[in-house]
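Build the 3D model from these lines:
(2 chains)
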Amino acid sequence: GENVEQHPSTLSVQEGDSAVIKCTYSDSASNYFPWYKQELGKRPQLIIDIRSNVGEKKDQRIAVTLNKTAKHFSLHITETQPEDSAVYFCAASIDTNAGKSTFGDGTTLTVKP
Amino acid sequence: DTEVTQTPKHLVMGMTNKKSLKCEQHMGHRAMYWYKQKAKKPPELMFVYSYEKLSINESVPSRFSPECPNSSLLNLHLHALQPEDSALYLCASSHPGYEQFFGPGTRLTVL
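Numbers count the residues shown, from 1 in each chain, chains lettered A, B, ... in the order given. Okay, here's the model as predicted:
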């Protein structure tokens, strides 16, 4: 089955700095890679996703890059703000019907004002 | 309506009780999911329903019994749970192959 590894497990940055979280996956058939943000006591919410036919996607301060050959994808947050503090999960799945999304173990991001 | 709702928000039950968790969505999603999440851990998939049929059961103990009465509703029936089953239970829904929308979860405590 699919295995997703996520690094780092914790990340602390100063407000205004950039943050990068990296994930690797094992199943070359995986073709859909969402990133979820989970604030304390809240539900996970999608912040950005990418499919395997695209190498990069950007939405304002958030970007995701995908390297299919190396089987890794990364989340980039620029100009971080205290409200970016949360746990971030990457996931990988095969984009057919309803299938299993395999989650990484999560990264706790703390943005210090 | 772009939200997944779950009831109850909190549930405390004894090991001999029978209770049910409920999940509802009106986004026309045909895939619905149950996850279990422990503190500081990722969501752990339990069940997937696709077009109201159970498509994935991640070897979940039989004390957890899912049910999908129609395309908008998903239930999780609980019976004879163990203290280690205490967790946040999340429901999610999606169009198959697209982002999952999570409900707020039910915080379950088994005494």
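
Quick check: residues of chain B near chain A?
If contacts are counted using Cβ under 8 Å from any Cβ of the partner chain, the residues of chain B sitting beside chain A are B:30-31, B:33, B:40-43, B:45, B:48-50, B:55-56, B:58, B:90, B:94, B:96-97, B:99-105. For every residue, glycine as well, the C-beta is placed using N, CA and C.

Could you check which residue of chain B lies nearest chain A?
Nearest to chain A, among the residues of chain B, is residue B:31, at 3.2 Å (Cβ to the nearest Cβ).

so residue B:108 sits right up against residue B:88, yeah?
Yes - counting by Cβ atoms under 8 Å, residue B:88 is a contact partner of residue B:108 at 7.5 Å.

Looking at those two, which is more packed in?
For residue B:108 versus residue B:88, neighbours defined as other Cβ atoms under 10 Å in any protein chain shown are more numerous around residue B:108 (21 against 18).

so what pLDDT did the residue of chain B closest to chain A get?
pLDDT for residue B:31: 92.

Can you spell out which helices and strands pack onto the lowest-mean-pLDDT helix or strand in chain A?
Counting by mean pLDDT, DSSP states H and E, the weakest-scoring helix or strand in chain A turns out to be strand A:102-103, with a mean of 93. If you count contacts as 3 or more Cβ pairs under 8 Å, 6 or more residues apart in numbering or on different chains; DSSP states H and E, strand A:102-103 packs onto strand A:86-92.

before we move on, back to that, could you give me the ChimeraX selection string for whichever of the residues of chain B next to chain A are buried?
The ChimeraX command for the buried members of the residues of chain B next to chain A (criterion: 16 or more other Cβ atoms under 10 Å in any protein chain shown) is given here:
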select /B:30,31,33,42,43,45,48,49,50,90,94,96,97,99,100,101,102,103,104,105
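
Among the residues of chain B next to chain A, which lie within strands?
Filtering the residues of chain B next to chain A for membership in strands, criterion DSSP state E, returns B:31, B:33, B:45, B:48-50, B:55-56, B:90, B:94, B:101-102.

Report the contact partners of the residue most central in space within chain B.
Within chain B, the residue whose C-alpha comes closest to the C-alpha centroid is residue B:34; the distance, by Cα atoms, centre = their mean, is 3.3 Å. Under the criterion of Cβ atoms under 8 Å, 6 or more residues apart in numbering or on different chains, the contact list for residue B:34 reads B:23, B:45-47, B:66, B:74, B:76, B:89-91.

All set now, cheers.
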